[in-house]
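Undergrad: Provided below are the primary sequence and the corresponding predicted coordinates.
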Amino acid sequence: MSIQVRTMADMMASGESPDILFWVGCAGSFDDRAKKITKALVKILNHCKVNFAVLGTEESCTGDPAKRAGNEFTFQMQALMNIELLNGYEVKKIVTACPHCFNTLKNEYPELGGTYEVIHHTQLIQDLINTGKLTLADNGTFKGKKITFHDPCYLGRANDVYEAPRELIEKLDAALVEMKRCKTNGLCCGAGGAQMFKEAEKGNKEINIERTEDAIETSANIIATGCPFCNTMMTDGVKHFEKEEDVKVMDIAELIANAADL
Amino acid sequence: MQQLIFGVLTLSSFGFFAFNLRKIGQNIHMGMPLDRSDRKAERWRTMLLVALGQKKMFTRPIPALLHLALYASFVITQIELIEILVDGMSGSHRFFQNSLGGFYTFVISFIEVLSVLAFIGTVAFLARRNMLKLPRLNMKELAGWPKQDANLILVFELILITFIFTMNGADEVLQTYAGNSNGFAISSWLGPILFEGKSTHTLHVLEQIGWWGHIIMVYTFMNYLPYSKHLHIFMAFPNTYYSKLAPKGQFTNMQSVTNEVKLMLDPNADPYAAPAADAAPSRFGAKDVTDLTWKNLMDAYSCTECGRCTSACPANTTGKLLSPRKIMMDTRDRMVELGDFKRKNGQDAEDGKSLLGSYITEEELWACTSCNACVQECPVNIDPLSIIIDLRRFLVMEESKVPTELTGMLTNIENNGAPWQFAPTERMNWANED
């Protein structure tokens, strides 16, 4: 199925306005693995006939990694430019598949003049299912599978979203198994705070290895997550243990798209 | 004579305590301003749940119950202190016993039962620290004074409880000699076991030792607090009241930077215009405790070094140098050092040291993933992450000390609006790829 995506500029030119803006994010736009998550979400949006748009080439980094790295100048330059663009398009509601973009847009843009209703894609998908716009096919994709959910720090502890992704997993024909450290006690994948873009400091173990051990201990077939950076870290962790055949790392959007035969 | 000694002891104890509290207040006020006067109802609720109700302690139920025994007995014993003050000043003996009757027996019995529980709790805590060697209570940042401090507090508590039972036990035996009983829950059977058969004179002396020992330990303990991590018994209350109520992921906005960035982005701005009244501070980010907010400094005084933060820290558990507890301990040590120095040498005096550099290293700061596990774990809502980020801000914006790979990331964001080297024109390519 081919995907249909329109840009804000395109919509504006034809006098239309979307109900919601899909903030794709840098990972979702450029990272090969994360692009698959982006497309899975678009398939869901298309299937449910959601009237959405993306910023396309006008989108720019929210500034999150700069802010976490301590560079408030670079962060605010990005933020103020993005806010000018978003306000220009009179954006009211934003969905994103990246918890870092989610946190920054939702919590850190208002003080700089950008106030929007911002939701994580798991929340949007949950809403689509609850309102009957999306139904999962009984296709047996996940029958007998065990799925564990790795809480992204910027979705969980940072913003107290723990249930939306879990409710979605429970809608699949699979068993949700929790890691010993989950929800408020969830262990970081190691990518946050701009660590994604640098080598880890000297230690005796990589954080993603420690976290992948937690996941493997549950004997889950699938490690589900809701963050492109967590996805990278956990995928690397699974490779480290040479478990690629037995354990897949997938985003919630991909799980749902598969279960809905999209 | 006794009343005079008691009066002098009481006044000097409270006087010295007040003197030290004032210093603590002054030290906290070295911090930068921060407005936490909003959402009062929510703040009271947070304080009641987290400080009074110890909500966050109960994520680990066994230590929580032991801690609750100590905490409850500490709070309830303060009721008895009222009587001790009255007796000490007037020379009376159990001033409230006759007037309150059965209620008095109940209150003292309640105190006695809690004291036994507290005794058990204290012994368990000593064993856990020194025999079981719980990892988080035996890390290198606790070597020396912090470890001694922890053990001293527990020993103080044991002595205090011993004095209470010496006093009540001896008193009970004296009562039985006269054919009566105080009827307190523990001492009515413990007293005879310990002191049955002793002479009336010896019992009077024991009762006095217990009474004086108790009050002297209370005053010692009170005046020990300002020098100890145990100060958390008071600081937990204001500290939870002034908790950060915003989502944990929301970092502070630097208004001084906003002003400059807006000027840069505004083509009509007059670059020579006089700076606004709230002009940029002398420094971006924090180098020393005086650059942190008063809440960061209050956090440091509230820390009881339990190490739950550090045991949950992904960097620490994988062998990195960072320990959120050490960040808080360093902040307090530096604040006390600088506060004392300024009181001695004047407010504008500099001692050539700073929190960043003299206490906290860059390697610690760069190990943080900003995951908020330390913030989540803290039983009194301390926020070590906020200090870490403010120190990073100073490193990056004032000193340009950025790890090399991060320089690349920052340059990419500035040049092409993404942390990686992709052209903005490629941003939509995903939509047309298979």
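TA: Perfect, I can see it now.
Undergrad: distance of the residue in chain A positioned nearest to chain B relative to B:Arg60?
TA: Closest to chain B within chain A is A:Ala158: 2.7 Å, counting by Cβ to the nearest Cβ. For the C-beta atoms, the positions are set from N, CA and C on the backbone; glycine is no exception. Noted for A:Ala158: a distance of 23 Å to B:Arg60, by Cβ to Cβ, to the nearest Å.
Undergrad: got a pLDDT number for the residue nearest the centre of chain A?
TA: Centroid-nearest residue in chain A, with Cα atoms, centre = their mean: A:Ala97, separated by 2.9 Å. Per-residue pLDDT puts A:Ala97 at 98.
Undergrad: and it, what does it touch?
TA: Contact analysis of A:Ala97 by Cβ atoms under 8 Å, 6 or more residues apart in numbering or on different chains lists A:Val24, A:Gly25, A:Gly28, A:Ile37, A:Thr38, A:Leu41, A:His120, A:His121, A:Gly226, A:Pro228, A:Asp251, A:Ala253.
Undergrad: residue numbers of the stretch 101-250 of chain B in contact with chain A?
TA: Residues of the stretch 101-250 of chain B lying near chain A by Cβ under 8 Å from any Cβ of the partner chain: B:Ala246, B:Pro247, B:Lys248, B:Gly249, B:Gln250.
Undergrad: nearest residue to the third one other than its sequence neighbours?
TA: Spelled out, that is B:Lys248. Distances taken as Cβ to Cβ, 6 or more residues apart in numbering or on different chains put B:Asn372 closest to B:Lys248, at 4.5 Å, once the chain neighbours are dropped.
Undergrad: any chance of the backbone angles for the residue in the stretch 201-350 of chain B positioned nearest to chain A?
TA: When distances are taken as Cβ to the nearest Cβ, the stretch 201-350 of chain B reaches nearest to chain A at B:Gly249, 2.7 Å away. Note on B:Gly249: its backbone torsions stand at phi -80, psi -10 [degrees, to the nearest 10].
Undergrad: so which of the contacts of A:Ala97 are in strands?
TA: Judged by DSSP state E, the contacts of A:Ala97 include A:His120, A:Asp251 as members of strands.
Undergrad: hmm, back to that, could you identify the buried members of the residues of the stretch 101-250 of chain B next to chain A?
TA: The neighbour-count test (16 or more other Cβ atoms under 10 Å in any protein chain shown) marks B:Pro247, B:Lys248, B:Gly249, B:Gln250 as buried among these.
Undergrad: do you know the pLDDT at the second one?
TA: Per-residue confidence (pLDDT) for B:Lys248: 98.
Undergrad: just want the most central residue of chain B.
TA: By Cα atoms, centre = their mean, chain B has its centre lying nearest to B:Ser302, at 2.0 Å.
Undergrad: care to break the chain down by domain?
TA: Assuming you mean chain A. Domain ranges of chain A: A:8-128, A:136-259, per automatic domain parsing.
Undergrad: look at chain B instead
TA: B:2-241, B:255-266+B:280-401.
Undergrad: what is the end-to-end distance of the shortest one?
TA: Think domain B:255-266+B:280-401. 22 Å (Cα to Cα, to the nearest Å).
Undergrad: could you do stretch A:163-180 as well?
TA: 17 Å.
Undergrad: Three-state assignment for B:Asn182, please.
TA: Three-state assignment for B:Asn182 (DSSP: H, G, I helix; E, B strand; the rest coil): coil.
Undergrad: so it sits right up against B:Pro192, yeah?
TA: No - in this structure, B:Asn182 is not within contact of B:Pro192 by Cβ atoms under 8 Å, at 11.7 Å.
Undergrad: looking at these two, which is more packed in?
TA: Set side by side, B:Asn182 and B:Pro192 show more neighbours around B:Asn182, with 20 against 15, by other Cβ atoms under 10 Å in any protein chain shown.
Undergrad: tabulate the contacts of A:Ala97 (a markdown table), appending pLDDT.
TA: Output for the contacts of A:Ala97, formatted as a markdown table (pLDDT from 0 to 100):
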| residue | pLDDT |
| --- | --- |
| A:Val24 | 98 |
| A:Gly25 | 98 |
| A:Gly28 | 98 |
| A:Ile37 | 98 |
| A:Thr38 | 98 |
| A:Leu41 | 98 |
| A:His120 | 98 |
| A:His121 | 98 |
| A:Gly226 | 98 |
| A:Pro228 | 98 |
| A:Asp251 | 98 |
| A:Ala253 | 98 |
